[in-house]
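Engineer: What follows is a predicted protein model with its sequence.
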Amino acid sequence: KSNGMAAIPIVKLFYLGIRQVSKPIAAILKKTAVEKTYLRNYVVIPIGQVTHKFTVIMARLSLNSSRTDVKPLGEKEAVELGADIIGELIIYSIAATILTREYIDSSTKAAAKEEKLNAQLLDLRKQIASLQETLKACHIEQNESREKLFELEQRMASLTPRPH
């Protein structure tokens with residue numbers, strides 16, 4: 001069995017690999033979202049503004065400030081932030097999809113292995129039951145043979161003349 005500590009660097013390397021492979025895909029989708037007016041105005045900019053507002057409010061709360069007013073970002077900054085968030089969401093979605101698929105495959109393999117082991121266990125139990133029946137039959141036969149032997153010894157004893 002392997003050491004659990006080795007799994008952590010492998011998971012990190014796997015994630016970094018997924019991230020590197022996903023970056024070009026995310027960049028293409030991000031570029032499309034920024035270039036298309038509808039996506040830019042109704043998806044990218046609102047995501048950028050909401051992210052900015054959330055970040056500012058959380059920062060203020062951590063400093064015990066009660067201010068809730070947040071100055072909106074300019075269009076360029078909101079587009080940049082929104083596009084970055086969309087890119088990261090795409091990367092994480094790809095990673096989550098791959099990891100979920102791996103988990104499902106691993107669970108399926110584990111279930112198949114468990115089913116095989118259960119079948120082997122059932123077969124072994126049947127073999128044990130069969131051997132127990134055979135042993136029981138042997139004990140019965142042995143007892144019958146002892147009884148016959150005892151009877152034969154009794155007959156021989158009765159046929160053998162006794163000295164006077």
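Structural biologist: Thanks, I have the structure now.
Engineer: Glu147: neighbouring residues, count only.
Structural biologist: Residues lying near Glu147 (other CB atoms under 10 Å) number 10. For every residue, glycine as well, the C-beta is placed using N, CA and C.
Engineer: how close does it get to Glu153?
Structural biologist: Glu147 sits 11 Å away from Glu153, going by CB to CB, to the nearest Å.
Engineer: next one: the lowest-mean-pLDDT helix or strand in the chain to chain centre, how far?
Structural biologist: Sorting the helices and strands of the chain by mean pLDDT, DSSP states H and E puts helix 4-35 at the bottom, at a mean of 73. Relative to the chain's own centre, helix 4-35 is displaced by 21 Å; criterion: CA atoms, centre = their mean, to the nearest Å.
Engineer: Quickly find the element holding the spatially most central residue of the chain.
Structural biologist: Central residue of the chain (CA atoms, centre = their mean): Tyr103, 4.1 Å from the mean position. Under the criterion of DSSP states H and E, Tyr103 resides in helix 75-159.
Engineer: gap between that helix and the chain center?
Structural biologist: 18 Å.
Engineer: orientation of that helix relative to helix 4-35 in degrees?
Structural biologist: Counting by axes from the mean of the first three to the mean of the last three CA atoms, to 10 degrees, helix 75-159 lies at 140 degrees to helix 4-35.
Engineer: helices and strands around helix 75-159, which ones?
Structural biologist: helix 4-35, helix 45-62 (3 or more CB pairs under 8 Å, 6 or more residues apart in numbering; DSSP states H and E).
Engineer: Report the inter-axis angle for that helix versus helix 45-62.
Structural biologist: Going by the same axes, to 10 degrees, helix 75-159 makes 80 degrees with helix 45-62.
Engineer: Name the residues of the next helix or strand along the chain from the least confident helix or strand of the chain that come out as buried.
Structural biologist: For helix 4-35, the succeeding helix or strand toward the C-terminus, using DSSP H and E, is helix 37-39. By neighbour count with 16 or more other CB atoms under 10 Å, helix 37-39 contains the buried residues Leu39.
Engineer: Any regions of the chain where pLDDT drops low?
Structural biologist: Low-confidence segments of the chain, defined by pLDDT under 70: 1-8, 11, 164.
Engineer: what's the spacing between the residue nearest to Leu39 when sequence neighbours are not counted and Thr134?
Structural biologist: Spatial nearest neighbour of Leu39, excluding adjacent residues (CB to CB, 6 or more residues apart in numbering): Ala33 at 4.5 Å. Distance from Ala33 to Thr134, counting by CB to CB: 75 Å.
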